[in-house]
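Chemist: Fold the following, please.
(2 chains)
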Amino acid sequence: MARYNPKETEPKWRKAWADTDAFRAVMDPSKPKYYVLEMFPYPSGRLHMGHVRNYALGDVIARFKRARGFSVLHPMGWDAFGLPAENAAMERGVDPKGWTYDNIARMRAELKELGLSIDWSREFATCDVAYYGQQQALFLDLFARGLVYRREGMVNWDPVDMTVLANEQVVDGRGWRSGAVVEKRKLNQWFMRITNYADQLTDDLATLDRWPEKVRVMQENWIGRSKGLTFSFEFAGEPPRGFDKGLEVYTTRPDTLFGASFVAIAADHPLAERVAAADVAAQAFIAECKKGGASQAEIDTAEKLGFDTGIRVKHPFDPSWELPIWIANFVLMDYGAGALFGCPAHDQRDLDFAHKYKLPVTPVVLPPGEDPETFAIGDEPYLGPGTIYHSRFLDGLDIEAAKTAAIARMEELGQGQGATVFRLRDWGVARQRAWGCPIPVVHCDKDGVVPLPRSALPVALPDDLEFGKPGNALARHPTWKHTICPRCGGPATREVDTLDTFVDSSWYFARFANPDAAEPIDKQAADYWLPVDQYIGGIEHAVLHLLYARFVTKALADDGQLGVREPFAGLFTQGMVTHETYRRQSGEWLEPKDVEVIVEGKARRARLVENGAEVVIGDVEKMSKSKRNTVAPEEIFDVYGVDAARLFVLSDSPPERDAQWSNAGVQGAWRFVNRVWEEFDSQPDGAGSPTGGGGEAAVAVRRATHKLTRQVTEAIDTFRFNSGIARLYEFLNLLKANPAAGASGPLLAARHEALSAFARLIAPFTPHLAEECWARVGGGGMVAMADWPAFDIALTEDAVRVLPVQVNGKRRGEISAPAGASAADVEKIVLDDPEIARRLEGLTIRKVIVVPDRIVNIVAA
RNA sequence: GCCGCGAUAGCUCAGUGGUAGAGCGCAUCCUUGGUAAGGCUGAGGUCCAGGGUUCGAAUCCCUGUCGUGGCACCA
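Modeler: Numbers count the residues shown, from 1 in each chain, chains lettered A, B, ... in the order given. As a prediction, the model looks like this:
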């Protein structure tokens, strides 16, 4: 009896897969296609457990779909541009390109060790000239369509990474990578017109029925579509210069127009600036507003402050009614019109403001059941439903009807119109960094900004960048930027900004359809493979990458380069890998491998392996270098094998939840691997003889096999991998209870069938072990190529059902009935049962409820 | 403030109207020529709390508590 030895077995099968080119994706029109993709990794140089989980999840799907007869595309690439390479260059004097490709080589080797069923022939890195040169072509196409533009604007400046960031990359006022407080700067910037697609990006979320609800909600919130009314106030008296058309405001509550008591404008509104030009006090107030911090804590605690400009406007529905214009610190210039009308009775901010400056509070929505004579607003505005009152022609309407009526009247008056406003801003895509895709334009003194012709592509990065000091090494390069203008032939300088790395990841999935194509996207191949049927990655990209990729897909579809309008038909967001944290008494973090955990009854304590010193067990947290609670995948592979590691990360929790890594857990998985092998190894060669005695056990094993096949199939289909694995564990226990030793012919035959199915069922999870097992039971070829086992649905259901019998909802006994027995038949069996009859003595039966094959309840009194 | 998610055995989690479950861990015992072990048996649950609907609620509804994610002076 040979012990299972992953160190020999696993490399052997990986070589067999590679030698036979087993996972090459083929466009086969006779088969349905399936494109499974995990978010491609940044080549940091080290594989971590999060990667193991991410790629193991995708591999389960890829192997399963292949066995189910799909033509599968499962590629891998590298999101290889970005700051870490530049930081390494600055800190260690290495070349970012060399550093990156070295990391890729190391991580590729580690990933290959995972035994993933990937078509490695399609591999590319975004820093390959062959890739970013094509991306430059796409940039020019989008530029030609007017979807890329350059303008001066306020941008987010990260002072540590020394680059501009997109709005999506600023979290709580800080840079998403550096954590530095972001400054506002006015710069000439490249933008992509994502706002052109704001409506589609919102509407099409409804078609993404295989996306998590949570992600769709997050994108919807981020885009922030709101429907309302834009209208202009006429000034009472002479309009200020430049405001002949009145003062424009935006509102989502036109139904509350008769509750207006003031108009407020942002401190940087043009009207505020005009007022300040002639008023020192206004100037001081505006300066005060601009000092306010942008962090959340400051915003939350900031008092509502205002400055009365003295200017008055007329109410749009009653020219005799005048409202004051205030400059207010809570009004944002870049949302809506940068101005609003305040209705204190039905808005918290407006109410706070009105209380502070003694402005009128007039309720115009009457809550149901309230008396219009006595209803009043205290410290809380009324935001609920009700009937409009105090509102002349809107009186008596509900809120929605009043909104419609107010918009209609405003449009009649020619003073405004229904409008849709978005929170989403255009995507700033230029970065002042050298390790990125150069923007293929030049600046010419005569012709201004000139896009390069396609024939001038690729614009390759120079190989001799100097990273000794901070800032953009590309701008510093002595010769690279000097070129000639393609239009006039005169001297010109290249754009030294590069593209946001999120541009790189916004179309890579389409490049995988044919990574060698002469054009950016091979339309025919993309039409076959796209959309990605199952995309898998972390939730942290819910609004960043996933929104940009959706936008670029739509833009390229409109340009005729893609045939789909959504890149990812199915999205799965997996949880993180976590681990307990450990610290010395002194507070210093400790690595798990230096700590020994001791279980004493229900209590656990820990000590240092080295000297037995007491260790404090902390919270379970995401594996991170800073907390030192990481476990290196290669060390686990070395001890337990790749399959055990894969099995454990897949079995521990549902894939969308966090998975807690523990040594005990991986040991459990490792034991399972060994027990599986023993079971196969103990089975004699051959298929067994179906004749002879001992039929009962054989039938039980057969039924269990078919039931298991059904359960595992359904579990994988619904992403409940952990529960599929739990069923495999249970089934192995059943096989052990019906061992090969001393088994009858029929049982051996049933066991053979069971093992043959079992080898294929574990293949998505533990592919190396599955190959070894498949070979042991004489399966033909490799299990990686084998068909998924079929199940006989009749065998998955028991012929005789045991039904519990309740009396008045309390369990009082059970009966046996044939599966599918009618309610009348079951009722007869129940009433004939002496035990049940005893329970019913002295009671009158009111009703008998029979749920076929499930349960019986007798209502009696 | 707005929109979500979660709470079931010591741990990680299934179960979503119908008999409370799995894996790991734990305990007892057996084996010690599968030995960085293997096996038998077992203990362990107020299904977060309260109310409602129902013949019947862990499951559906309401309220609350705790934990957690996203958005947010967004008009």
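Chemist: List phi and psi for the closest residue in space to A:R584 that isn't next to it in sequence.
Modeler: Nearest non-adjacent residue to A:R584, counting by CB to CB, 6 or more residues apart in numbering: A:L590, 6.1 Å away. C-beta here means a position set from N, CA and C on the backbone, and glycine is covered the same way. Phi and psi for A:L590, reported as degrees, to the nearest 10, are phi -130, psi 150.
Chemist: if I look at A:L590, how far off is A:R720?
Modeler: A:L590 sits 35 Å away from A:R720, taking CB to CB, to the nearest Å as the criterion.
Chemist: Which one's more surrounded, these two?
Modeler: Using other CB atoms under 10 Å as the criterion, A:L590 and A:R720 rank with A:L590 on top: 21 against 18.
Chemist: Surely A:I716 and A:R63 touch.
Modeler: No: applying CB atoms under 8 Å as the test, A:I716 and A:R63 come out as separate, 9.4 Å apart.
Chemist: what's the overlap in contacts for those two?
Modeler: Common neighbours of A:I716 and A:R63, counting by CB atoms under 8 Å, 6 or more residues apart in numbering, are A:P764.
Chemist: More neighbours: which of the two?
Modeler: A:R63 (27 against 22).
Chemist: helices or strands up against the host helix or strand of that one?
Modeler: Per DSSP states H and E, A:R63 falls inside helix A:49-67. Applying 3 or more CB pairs under 8 Å, 6 or more residues apart in numbering; DSSP states H and E, one finds that helix A:49-67 contacts strand A:33-38, strand A:71-73, strand A:534-538, strand A:571-574, strand A:577-584, helix A:633-640, helix A:642-651, helix A:695-717.
Chemist: next SSE after the last one?
Modeler: Same thing as helix A:695-717. Once helix A:695-717 ends, the next helix or strand along the chain (criterion: DSSP H and E) is helix A:721-737.
Chemist: Next, the angle helix A:642-651 makes with the next helix or strand after that following helix.
Modeler: Per DSSP H and E, the first helix or strand lying C-terminal to helix A:721-737 is helix A:745-762. For helix A:745-762 against helix A:642-651, the angle by axes from the mean of the first three to the mean of the last three CA atoms, to 10 degrees is 80 degrees.
Chemist: Show me what helix A:745-762 is packed against.
Modeler: If you count contacts as 3+ CB pairs under 8 Å, 6+ apart, helix A:745-762 packs onto helix A:663-681, helix A:695-717, helix A:721-737, helix A:767-776.
Chemist: if I look at the residue lying closest to A:E38 once chain neighbours are set aside, how far off is A:I849?
Modeler: Nearest residue to A:E38, sequence neighbours excluded (CB to CB, 6+ apart): A:G58, at 4.1 Å. With distances taken as CB to CB, A:G58 is found 46 Å from A:I849.
Chemist: So which residues on the stretch 51-200 of chain A come close to RNA strand B?
Modeler: In this structure, the stretch 51-200 of chain A approaches RNA strand B at residues A:V171, judged by CB under 7 Å from any atom of the strand.
Chemist: The stretch 51-200 of chain A: strands as residue ranges?
Modeler: A:71-73, A:148-158, A:163-165, A:170-171, A:174-175, A:183-192 (DSSP state E, counting those that start in this stretch).
Chemist: Throw these into JSON lines and include mean neighbour count and mean pLDDT, thanks.
Modeler: Formatted as JSON lines, those follow (neighbours: other CB atoms under 10 Å; pLDDT from 0 to 100):
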{"stretch": "strand A:71-73", "mean neighbour count": "25", "mean pLDDT": "97"}
{"stretch": "strand A:148-158", "mean neighbour count": "17", "mean pLDDT": "85"}
{"stretch": "strand A:163-165", "mean neighbour count": "24", "mean pLDDT": "82"}
{"stretch": "strand A:170-171", "mean neighbour count": "14", "mean pLDDT": "78"}
{"stretch": "strand A:174-175", "mean neighbour count": "20", "mean pLDDT": "79"}
{"stretch": "strand A:183-192", "mean neighbour count": "16", "mean pLDDT": "85"}
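Chemist: got JSON lines for the ones you listed, with distance to A:H390 too?
Modeler: As requested, the strands of the stretch 51-200 of chain A are arranged in JSON lines below (distance: least, CB to CB, whole Å):
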{"stretch": "strand A:71-73", "distance to A:H390": "64"}
{"stretch": "strand A:148-158", "distance to A:H390": "40"}
{"stretch": "strand A:163-165", "distance to A:H390": "47"}
{"stretch": "strand A:170-171", "distance to A:H390": "42"}
{"stretch": "strand A:174-175", "distance to A:H390": "45"}
{"stretch": "strand A:183-192", "distance to A:H390": "42"}
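Chemist: out of these, nearest to A:S662?
Modeler: strand A:170-171 (30.8 Å; CB to CB).
Chemist: what are the pairing partners of that closest one, and which direction each?
Modeler: Paired with strand A:170-171 in the same sheet, following DSSP bridges, are strand A:174-175 (antiparallel).
Chemist: Distance from the chain centre to the strand it pairs with, please.
Modeler: Between the centre of strand A:174-175 and the centre of its chain there are 20 Å (CA atoms, centre = their mean, to the nearest Å).
Chemist: Identify the spatial nearest neighbour of A:V155, chain neighbours not counted.
Modeler: Of all residues not flanking A:V155 in the chain, A:V164 sits nearest, at 4.8 Å (CB to CB, 6+ apart).
Chemist: ok, the one you found to RNA strand B distance?
Modeler: Separation of A:V164 from RNA strand B (CB to the nearest atom of the strand, to the nearest Å): 18 Å.
Chemist: One more: A:L366?
Modeler: A:L366 sits 20 Å away from RNA strand B, going by CB to the nearest atom of the strand.
Chemist: For the helix holding A:R63, output the C-alpha coordinates as CSV.
Modeler: Listed in CSV are the C-alpha atoms of helix A:49-67, where the atom choice follows Å, rounded to 0.1, in the frame of the first residue of the first chain:
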residue,chain,number,x,y,z
MET,A,49,-3.3,33.3,-0.3
GLY,A,50,-5.8,35.7,-1.8
HIS,A,51,-4.4,34.8,-5.2
VAL,A,52,-4.7,31.1,-4.4
ARG,A,53,-8.3,31.5,-3.6
ASN,A,54,-9.1,33.7,-6.5
TYR,A,55,-7.5,31.5,-9.1
ALA,A,56,-8.7,28.3,-7.5
LEU,A,57,-12.3,29.5,-7.6
GLY,A,58,-12.0,30.3,-11.3
ASP,A,59,-10.3,27.0,-12.0
VAL,A,60,-13.2,25.1,-10.4
ILE,A,61,-15.5,26.8,-12.9
ALA,A,62,-13.2,26.3,-15.9
ARG,A,63,-12.6,22.6,-15.2
PHE,A,64,-16.3,22.0,-14.5
LYS,A,65,-17.4,23.7,-17.7
ARG,A,66,-14.9,21.9,-19.8
ALA,A,67,-16.1,18.5,-18.4
